[in-house]
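Engineer: show me how the following folds:
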Amino acid sequence: MTYGNMPPHAGAPGPLGPPPGWGGWMPPPPKPGVVPLGPLGLGEILGGAFATIGRHWKQLLGMAFAAYGMALVIIGGAIAIAYAAVSDRLDRVLDPEGPSGWDDVWPLLLTFGGVYLFGLLVMLMASALVYASCPAVLQDAVLGRPSAFGAVWGRSLARLWSVMGSVVLTALIAAVPMLLFAAAGVALFISLITLSLDGTGGDFGWLILIGFLGALATGPAAVWLWVKFCLAPAAAVFEGQGAVAAMTRSAQLVRGDWWRIFGIALLAYAMAGVAGYLVQLPLSLLNLFGPSLTDDASTSGAALTIVITSLAFGLVTSLVGQALTAVFPQLVVSLLYVDRRIRTENLAPALAEAAGVPWQAPPAAPRF
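Structural biologist: As a prediction, this is how the structure comes out:
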């Protein structure tokens with residue numbers, strides 16, 4: 001049963017007992033799974049995310065490593081094909097004594113630029129699969145049911161395109177200030193180089209000013225819209241919504257609770273970022289003991305081997321950190337979706353009924 005099939009529920013009467021508030025005592029909500037079936041505070045959301053990882057780590061990490069591992073293999077294959085197609089031009093460009101010009105450089109830029117864009121698409125699909133797997137696991141975790149990897153894979157794959165559509169549309173919102181900031185940074189970099197060469201600095205002042213001011217102007221709106229649509233992947237999986245419908249549903253659920261959702265989501269991403277840094281740090285240190293450009297880069301082949309080895313190790317390091325840290329923020333955001341439906345649509349009685357536990361009205365909803 002998906003959460004989309006659980007309409008607002010008036011709830012069934014609980015077992016006989018003292019009236020709520022009798023003697024200052026309030027019955028706690030039932031907790032068949034990782035969170036109590038009532039309005040969730042900050043501690044319950046974070047604790048529920050950690051509990052879900054603890055109970056269902058095989059499914060969650062298995063999905064992450066499978067998705068990002070397949071992405072790594074596909075991207076590696078694309079790089080190998082591209083290298084085989086332009087290896088002769090690449091050797092001429094990297095050979096300091098060989099003749100080369102723009103006729104050799106342009107095909108390299110086009111080829112590896114296409115590989116880069118293809119890699120972005122593959123990584124986006126892998127991330128969408130991981131984003132879909134978190135609410136797919138929570139469907140069972142909240143109700144206290146076991147989950148199998150095959151079932152999670154099937155649910156995630158079935159909602160892949162809807163989740164990916166919502167992720168792409170949300171990312172496009174954030175791309176505007178990021179591109180403006182990047183343009184200003186590139187213009188500043190070129191200006192500094194020009195200043196060091198001829199002392200003029202070039203005529204890039206207007207681009208730097210427009211880029212930085214544009215990023216500052218559009219940044220708050222992008223953050224506001226991102227929070228407004230952050231529950232879309234969960235809605236796409238829980239309710240079987242399409243990309244646009246899931247974003248509309250997310251905006252409806254976020255309404256009236258933007259700051260709380262923003263704060264909890266920001267905290268989750270910050271915690272994941274710190275954890276990702278700690279995971280990638282020892283792997284990055286290992287790369288220091290590998291081959292470097294100072295070893296034996298006298299030939300173009302040796303230099304190319306060193307560059308490819310360093311890039312491959314860095315890519316593997318990044319993917320390991322991504323696989324280990326992408327899960328936690330999405331679990332937190334998915335639990336925020338459950339919390340908002342409990343608060344605004346009285347979903348808790350229907351969840352208790354689906355879990356097969358008696359329902360008792362919880363105390364007043366906590367804010368954090």
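Engineer: centroid-nearest residue for the protein?
Structural biologist: Geometric centre of the chain, nearest residue: A326, 5.4 Å, by C-alpha atoms, centre = their mean.
Engineer: distance of the nearest residue to that residue once chain neighbours are set aside from G263?
Structural biologist: Excluding the flanking residues, the one nearest A326 by C-beta to C-beta, 6 or more residues apart in numbering is V130, at 5.1 Å. C-beta: built from backbone N, CA, C; applies to glycine. Applying C-beta to C-beta, to the nearest Å, the value for V130 to G263 is 23 Å.
Engineer: so between those two, which is more surrounded?
Structural biologist: V130 (24 against 13; other C-beta atoms under 10 Å).
Engineer: how about stretch 119-131: buried residues?
Structural biologist: 119, 122-123, 125-131 (16 or more other C-beta atoms under 10 Å).
Engineer: ok, longest helix in this structure?
Structural biologist: In the chain, taking DSSP state H as the definition, the longest helix is helix 42-94.
Engineer: I'd like the average pLDDT over that helix.
Structural biologist: Mean pLDDT, computed over helix 42-94, is 86.
Engineer: and stretch 339-347, by the same measure?
Structural biologist: 93.
Engineer: can you tell me which helices and strands the helix or strand harbouring W161 packs against?
Structural biologist: Element membership of W161 [criterion: DSSP states H and E] is helix 160-198. Using 3 or more C-beta pairs under 8 Å, 6 or more residues apart in numbering; DSSP states H and E, the elements in contact with helix 160-198 are helix 102-141, helix 205-228, helix 232-238, helix 243-254.
Engineer: tell me the angle it makes with helix 102-141.
Structural biologist: If you take axes from the mean of the first three to the mean of the last three C-alpha atoms, to 10 degrees, helix 160-198 sits at 140 degrees to helix 102-141.
Engineer: give me the below-cutoff pLDDT ranges for the stretch 151-300 of the chain.
Structural biologist: 187, 189-208, 283-300 (pLDDT under 70).
Engineer: about what we covered before: nearest to S162 among the buried residues of stretch 119-131?
Structural biologist: A128 (8.9 Å; C-beta to C-beta).
Engineer: got a list of what the closest residue to the closest one other than its chain neighbours touches?
Structural biologist: Closest residue to A128 apart from its sequence neighbours, by C-beta to C-beta, 6+ apart: M164 at 3.7 Å. M164 is in contact with 124-125, 128, 243, counting by C-beta atoms under 8 Å, 6 or more residues apart in numbering.
Engineer: residues in contact with V186?
Structural biologist: Listed by C-beta under 8 Å, 6+ apart, V186 has no contact partners.
Engineer: what strand or helix carries L336?
Structural biologist: With DSSP H and E as the criterion, L336 is inside helix 327-345.
Engineer: helices or strands up against that helix?
Structural biologist: Here helix 327-345 touches helix 42-94, helix 102-141, helix 232-238, helix 243-254, helix 258-288, going by 3+ C-beta pairs under 8 Å, 6+ apart.
Engineer: now the residue nearest to A128: how far from A171?
Structural biologist: In terms of C-beta to C-beta, M164 sits 10 Å off from A171.
Engineer: go on, S133?
Structural biologist: Taking C-beta to C-beta, one finds S133 at 19 Å from A171.
Engineer: for those two, indicate the residue with more neighbours.
Structural biologist: Counted by other C-beta under 10 Å, S133 and A171 do not tie: S133 has more neighbours, with 33 against 13.
Engineer: report pLDDT for the more buried one.
Structural biologist: pLDDT, S133: 94.
Engineer: list the buried residues of stretch 53-70.
Structural biologist: 53, 55-56, 59-60, 62-68.
Engineer: re the thing from before, deepest of the helices and strands packed on helix 160-198, which one?
Structural biologist: helix 232-238 (a mean of 30; mean count of other C-beta atoms under 10 Å).
Engineer: so what secondary structure elements neighbour it?
Structural biologist: Against helix 232-238 (3+ C-beta pairs under 8 Å, 6+ apart) you get helix 102-141, helix 160-198, helix 243-254, helix 327-345.
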